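> my questions are about this predicted structure, shown below with the sequence.
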Amino acid sequence: MKYLVIVALIFVSKFSIAQYPAILSQRDQARVVDELLEDRLRTLLPTLMRREGFDMWVIISREYNEDPVIRTLLPATWFAARRTTMLVVYDKGKDNKGNDLGLEYLAVARYDVGKVFKRAWDPDQQPDQWAQLARLIDERNPKKIGVNKAPHWGHADGMTANDYDQFLTVLPKRLFTHVTSAEKLAVAWLETRTEKEMVIYQQICRIAHQIIAEGFSDNVIQPGVTTTEDVVWWYREEIKRLKLDTWFQPSVSIQREEPETMMFKRPQPLVIMPGDLLHVDFGITYLRLNTDTQQHAYILKAGETDAPEYLKNAFKRGNKLQDILTSNFKEGKTGNSILADSRNQAVAASITPSIYTHPIGFHGHAAGTTIGMWDMQNGVPHTGDYPLHYKTAYSIELNASVYVIEWKKEVRIQLEEDGYFDETGFRYIDGRQTELILIPKPGTINK
């Protein structure tokens, strides 16, 4: 019997291959990444530099100790900085007739860095790379020089102490007072999404949704046999099979009709059984953009064709909390203000809320407006004080605790869906879960 179960599971994993939206070849992925980067540099960065008041941005990073920002500026075929990579962006301003001269993109390197950053150093003429950087800055005489040193966002704190000291050593003394933290510029660069990215982002989120759905199906789960860890590693293998990446280990957990003390006494990992409420936390990385999703599934008991009403009603409370939170998205409103208003409104609606929503994009837990953390429900210092900007993306992450009389305990509806905020308001990038996933799907049950 054990042999037959193993053979059956091998057959399922080999032949039940889901159909996903098109996933590009490695070569085409590189092409798209480079096109998106060029578009961001040409159309987005000038606006951000002028909004934040910088006419020069200097990014310096050494190989295998990469600044988080420089990773978003390198071409797709560069997997790391090379030796010491120096990039300089300079706003040339306007000419005497008021014509915009645009930005200048310089690579203080032996070669161009991608299509936009042009080589501005010849080691045969000037062997000292740092001296060449100083000369380029001196010639342009910028009014405000941004460097990636930041007290609050690790994403914007990528310049090492050694590189900063070396930078000040070679910089002309008259420019010392022109150097300042580029924290807000770096955050703006990382958090702002372009129109071209948002066209692509929907399909990235759709791929993630469909992988979750396949993992939460009887193509993968055999109640009474499959464990939570089996599903976790199926997700990891499926991500690799599809030539995608993930930025964190997926997790699969269970809530069921038994005392919490019994859950902890059961052998780990847990075997999935009929009547279980499953939860998954899952994300992929594709075309340098990340997803972060949490959804629920219910394992049907013998004779059931739907989840119990009490679990469906609990799930609706989670959706209601999402609606309350996203209705508070307003440009210029801080994360802490959104958090406080949303919690007050949820409590008034008899919902027990926990809100820990974060930006998403180039990083999973990305730079930008933080709206609560699981252990900071009264506000998050600094990053929670940052105001909401248009053209930014967020993982709407939260949970609603609901007391279920039938189970004699609280059930947590833990949801997370990726969304986008612009001048038209908030929207989910590829929709959101509004009903429990059923395993098996009702249409596959013999009647």
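Cool, the structure landed.
> ok, then the element right after the lowest-mean-pLDDT helix or strand in the chain?
Every helix and strand of the chain was ranked by mean pLDDT, DSSP states H and E. The lowest is helix 2-15, at a mean of 41. Once helix 2-15 ends, the next helix or strand along the chain (criterion: DSSP states H and E) is helix 26-39.
> what's the average pLDDT for that following helix?
Computed over helix 26-39, the mean pLDDT rounds to 97.
> over to stretch 245-260?
94.
> and Gln268, what's its pLDDT?
76.
> quick check: it vs Pro442, distance?
31 Å (C-beta to C-beta, to the nearest Å). All C-beta spots, glycine's among them, are computed from the backbone N, C-alpha and C.
> what about stretch 339-356, start to end distance?
Stretch 339-356 has an end-to-end distance of 9 Å (C-alpha to C-alpha, to the nearest Å).
> pull out the buried positions in that stretch.
339-343, 345-346, 351-356 (16 or more other C-beta atoms under 10 Å).
> likewise for stretch 44-57?
For stretch 44-57, by 16+ other C-beta under 10 Å, it's Leu44, Leu45, Leu48, Met49, Glu52, Phe54, Asp55, Met56, Trp57.
> same question for stretch 148-164.
Quick answer for stretch 148-164 (16+ other C-beta under 10 Å): Asn148, Lys149, Ala150, His152, Trp153, His155, Ala156, Asp157, Gly158, Met159, Thr160, Asp163.
> for the last one, helix, strand, or coil?
By that I understand Asp163. helix (DSSP: H, G, I helix; E, B strand; the rest coil).
> that one reaches Arg62, doesn't it?
Yes. In this structure Asp163 lies within contact range of Arg62 using C-beta atoms under 8 Å: 7.2 Å.
> hmm, Trp430 is touching Arg206, no?
Slight slip there: residue 430 is Asp, not Trp. Yes. Assessed by C-beta under 8 Å, Asp430 is found in contact with Arg206 at 4.7 Å.
> just the element for Ala81, please.
Going by DSSP H and E, Ala81 is not in any helix or strand.
> typed the wrong thing, it's Trp234
helix 228-241.
> name the next helix or strand downstream of that helix, please.
Using DSSP H and E, the next helix or strand after helix 228-241 towards the C-terminus is strand 251-255.
> show me what that following strand is packed up against.
Packing partners of strand 251-255 (3 or more C-beta pairs under 8 Å, 6 or more residues apart in numbering; DSSP states H and E): helix 228-241, strand 277-282.
> off-centre distance for it?
Computed by C-alpha atoms, centre = their mean, to the nearest Å, the separation of strand 251-255 from the middle of its chain amounts to 22 Å.
> repeat for stretch 114-133
For stretch 114-133, the distance to the chain centre is 34 Å (C-alpha atoms, centre = their mean).
> cool, stretch 21-40 as well?
Worked out by C-alpha atoms, centre = their mean, stretch 21-40 lies 18 Å from the chain centre.
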